[in-house]
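Chemist: what's the 3D shape of this:
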Amino acid sequence: MSHFPKLLSSQIAYDVARTMLDGFDKHYRLFREAGHLAKLKFEAADWPGLQQLQRDRIDFYNERVREASVILEDEYDAENIEDEIWQQIKLHYIGLLTNHHQPELAETFFNSVCTRILHRSYFNNDFIFVRPAISTEYIENEESPTRPTFRAYYPGSRKGMAACFERIVHNFQLERPFDDLTRDIGYVVRAVTEYFGDFRIAPNFQIHVLSSLFFRNKSAFIIGRILNADRTFPLAIPIVHTPDGKLSLDTVLLKKVQLLILFSFTHSYFMVDMEIPSAYVTFLRDIMPRKPRAEIYTSLGLQKQGKNLFYRDFLHHLQHSSDNFISAPGIKGLVMLVFTLPSYPYVFKVIKDYYPAPKETTRELIKSKYQLVKQHDRVGRMADTLEYSDVAFPLSRFDDALVRELELHAPSMIEYQRGKDGGEEIVVRHVYIERRMTPLNIWLQEGSDAQVEHGIVEYGNAIKELIAANIFPGDMLYKNFGVTRHGRVVFYDYDEIEYMTDTNVRHVPQPRNEEEELSGEVWYSVGRHDIFPETYRTFLLGDARVRAAFLRHHADFFDPAMWQAHKDRLLAGQIHDFYAYDVSERFIHRYAAGSGDAEARAHGNDPVPARRVA
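Modeler: Just a heads-up that it's a prediction; the model follows:
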């Protein structure tokens, strides 16, 4: 204990710690303001503004980290601060977080600033937060927040549920009238009653609802849970705008699998105002116990915290496994080298150093495509990626064939170093990590007739939803799509994507003579952004089972008119409605059958896909 006062003797150490925490506090203040603005833009039906706010918010974190790093360099010459002072900086920072409402996020911010300044040899718990120092449990008990994380409601009986749900909705104080809230509440109670059946009301029967709405795309979500005896059930109620500008409750989601899909890695991050984010994560883990905390933080827009937790979980898995990293099975890509750890449900993607013909691209262009996906509305059809730099792996865990492949195709992306334990490490300078899925081409080759049909229905729906969201996938081969554990088809190869509005949709010209008609080569001019949907038959319909299913469900896929219609709507400023649940669950289909197509057209959308397979 005698050395402890000495460790905290530096005024510079305190000032640096205070500067870093000020940088984080500014970041989180702006983050919360974005959640508040999302509510205003939802109420105003300002969909372009909501999309722009979502894109801007993703950049907030890096901007604040850069600002803090510049201040530390300019005012404290941070690169030349002595090791002992850096250790004091961390200790002072811990002290400043004692009564903080977002300590885990502030620790991650500290790491982000330090790793911009310090060499990676400092990336250990003496200098950064390799493990958390401040507990996030029961923060609300210690320090009362401005408002509680969730509100508790007590229906008392089945008959009391309607009044209870009405109070829940009114408490969010949305500044836009509902079309018919009494009708919608009746639908909610009816759906709940149908789902639970003749259940016994226990003395503790209650509904807990998170205090902030969750905003994404053109919907706001009420998120909560229903408690009855010793059982807990999830609750999610999406609120949407009607064609005449009023609000309505679209459905009610009561199954864990529905919540898992709602918070899936294939969707954009929610916009939500949270004073104590760890309490939100704890609440959501209660209704989605299978979902890692890293994924929940990420889905709440706290992607840097999600990355931090993911990496800690990865190191834990590495410590408690013994299998080797290997090249990922399947068709090799021209741009990415992909490897995996069989015991771990993720793949690691490294951009190659060179790209054989016909690929014409650059490393920076590829990275920009992945950033585009990060900022775009992924509409449940594009996998999120975690991007890391300078990741050290134990070389002994790398298959020899994989090492040779890395040295051959991406030598500039790797280097070797001696680890802390004396063992040799391979450092990957830049890597993307994605959830591992079954490649669609393998699913179609090996699946039953029913699975092939399901895969093709999902593939066509995925493409149509992507182009409706202004994403043209580029390379639409089945190998570039995966099937999730929920059976949903998701796109994951982004090096050729572009905005649908930048494409030029064309018919294949009629041959002018017999020589052109019999030619095996393209006889007509093709511009860089030209697309010819009629030609997609060639590489999509080779298998007889696939062809039959495709023509049965998506015959319009090869009609340029379908693609042009989506582009025209986008150019007219229309923003499509996307649902993170089976559209057959919507009240308008469940309890007001027959009006779905007219309602969809009134929104400016085609009623396609008629059903989302989950």
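Chemist: going forward, measure contacts between C-alpha atoms and count neighbours the same way
Modeler: Noted.
Chemist: The closest residue to Y579 other than its chain neighbours: neighbouring residues, count only.
Modeler: Among residues not flanking Y579 along the chain, V379 sits closest, at 7.9 Å (CA to CA, 6 or more residues apart in numbering). V379: 21 surrounding residues under other CA atoms under 10 Å.
Chemist: Contacts only, for V379.
Modeler: Applying CA atoms under 8 Å, 6 or more residues apart in numbering, one finds that V379 lies in contact with T266, H267, S268, E465, L466, A469, F578, Y579, A580.
Chemist: Tell me the predicted confidence for the nearest residue to the last one once chain neighbours are set aside.
Modeler: Sequence neighbours aside, L262 is the residue nearest to A580 in space, at 5.5 Å (criterion: CA to CA, 6+ apart). pLDDT for L262: 96.
Chemist: same question, V613
Modeler: 37.
Chemist: Please identify the buried residues of stretch 431-449?
Modeler: Neighbour-count burial for stretch 431-449, with 16 or more other CA atoms under 10 Å as criterion, is recorded at 431-441, 443-444.
Chemist: again with stretch 348-356
Modeler: So for stretch 348-356, counting by 16+ other CA under 10 Å, buried means F348, K349, V350, I351, K352, D353, Y354, Y355.
Chemist: Repeat that for stretch 246-260.
Modeler: L247, S248, L249, D250, T251, V252, L253, L254, K256, Q258, L259, L260.
Chemist: Can you classify the second one as helix, strand or coil?
Modeler: So the one you mean is S248. Classification of S248 using DSSP: H, G, I helix; E, B strand; the rest coil returns strand.
Chemist: wait, doesn't it sit right on R183?
Modeler: No: using CA atoms under 8 Å, S248 makes no contact with R183, being 9.3 Å away.
Chemist: what's the spacing between the helix or strand where A565 lies and its chain's center?
Modeler: Secondary structure from DSSP states H and E places A565 in helix 560-571. In this view, helix 560-571 has its centroid 26 Å away from the chain centroid, taken as CA atoms, centre = their mean, to the nearest Å.
Chemist: contacts for that helix?
Modeler: Contacting residues not belonging to helix 560-571 are listed as 467-468, 470, 500-501, 505-507, 532-534, 556-557, 575, 604 [CA under 8 Å, 6+ apart].
Chemist: The host helix or strand of L227 pairs with which strands, parallel or anti?
Modeler: Using DSSP H and E, the element containing L227 is strand 219-228. Partners of strand 219-228 in the sheet, by DSSP bridges, are strand 206-210 (antiparallel), strand 214-216 (antiparallel), strand 231-241 (antiparallel).
Chemist: among the ones you listed, which is nearest R120?
Modeler: Across the strands paired with strand 219-228, R120 has its closest neighbour in strand 214-216 (36.9 Å, CA to CA).
Chemist: Now do the closest one: everything it contacts.
Modeler: Outside strand 214-216, the residues that touch it by CA under 8 Å, 6+ apart are A38, K39, F42, A220, F221, I222, I223, S268, Y269, F270, M271, V272.
Chemist: Next, the residue nearest to A580: phi, psi?
Modeler: When read as degrees, to the nearest 10, the backbone of L262 gives phi -60, psi -40.
Chemist: That one contacts H486, doesn't it?
Modeler: No: with contact defined as CA under 8 Å, L262 does not count as touching H486 (11.8 Å).
Chemist: between those two, who's got more neighbours?
Modeler: L262 (19 against 12).
Chemist: Helix, strand or coil: sort out T193 for me.
Modeler: Under three-state DSSP, T193 comes out as helix.
Chemist: Compute the number of surrounding residues for it.
Modeler: Using other CA under 10 Å, T193 has 14 neighbouring residues.
Chemist: and if you look at R200?
Modeler: R200: 12 neighbours (other CA under 10 Å).
Chemist: Am I right that it falls within a strand?
Modeler: No: per three-state DSSP, R200 lies outside any strand segment and is coil.
Chemist: so how far is P155 from it?
Modeler: Distance from R200 to P155, counting by CA to CA, to the nearest Å: 13 Å.
Chemist: Of the contacts of helix 560-571, grab the buried ones for ChimeraX.
Modeler: Command for ChimeraX that selects the buried part of these, burial taken from 16+ other CA under 10 Å:
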select :467,468,470,500,501,505,506,532,533,556,557,575
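Chemist: among the contacts of helix 560-571, which are in helices?
Modeler: Judged by DSSP state H, the subset of the contacts of helix 560-571 located in helices is I467, A468.
Chemist: By pLDDT, rank the contacts of helix 560-571 and give me the bottom one.
Modeler: Ranked by pLDDT, the contacts of helix 560-571 bottom out at G604 (38).
Chemist: What is the end-to-end distance of stretch 215-232?
Modeler: Stretch 215-232: ends 24 Å apart by CA to CA.
Chemist: And for stretch 241-255?
Modeler: One end of stretch 241-255 to the other measures 24 Å (CA to CA).
Chemist: Buried residues, stretch 296-316. List them.
Modeler: Residues of stretch 296-316 classed as buried by neighbour count (16+ other CA under 10 Å): 296-311.
Chemist: hmm, who's touching it?
Modeler: Against stretch 296-316 from outside (CA under 8 Å, 6+ apart): 58, 104-105, 108, 130-131, 263-265, 267-272, 281, 284-285, 293-295, 386.
Chemist: tell me how far it is from the chain's mean position?
Modeler: Centroid displacement of stretch 296-316 relative to its chain, using CA atoms, centre = their mean, is 12 Å.
Chemist: Quick check: mean pLDDT of that stretch?
Modeler: 96.
Chemist: count of neighbours near Y370?
Modeler: A count of nearby residues for Y370, using other CA under 10 Å, gives 20.
Chemist: Packing partners of the helix or strand hosting it?
Modeler: Here Y370 sits within helix 363-375, counting by DSSP H and E. Packing contacts for helix 363-375, counted by 3 or more CA pairs under 8 Å, 6 or more residues apart in numbering; DSSP states H and E, involve helix 47-76.
Chemist: thinking again about what came up before, out of the strands paired with strand 219-228, nearest to G482?
Modeler: Closest among the strands paired with strand 219-228, using CA to CA: strand 214-216, at 23.5 Å.
Chemist: Kindly export stretch 275-288 (C-alpha atoms) in PDB.
Modeler: Output in PDB follows, covering the C-alpha atoms of stretch 275-288 (Å, rounded to 0.1, in the frame of the first residue of the first chain):
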ATOM      1  CA  GLU A 275     -29.700   7.000 -19.500                       C
ATOM      2  CA  ILE A 276     -28.400   3.700 -18.200                       C
ATOM      3  CA  PRO A 277     -27.600   1.400 -21.200                       C
ATOM      4  CA  SER A 278     -26.500  -1.500 -19.100                       C
ATOM      5  CA  ALA A 279     -30.000  -1.600 -17.500                       C
ATOM      6  CA  TYR A 280     -31.500  -1.800 -21.000                       C
ATOM      7  CA  VAL A 281     -29.200  -4.600 -21.900                       C
ATOM      8  CA  THR A 282     -30.000  -6.500 -18.700                       C
ATOM      9  CA  PHE A 283     -33.700  -6.100 -19.400                       C
ATOM     10  CA  LEU A 284     -33.400  -7.300 -23.000                       C
ATOM     11  CA  ARG A 285     -31.300 -10.300 -21.900                       C
ATOM     12  CA  ASP A 286     -34.100 -11.300 -19.700                       C
ATOM     13  CA  ILE A 287     -36.400 -11.700 -22.700                       C
ATOM     14  CA  MET A 288     -33.700 -12.900 -25.000                       C
END
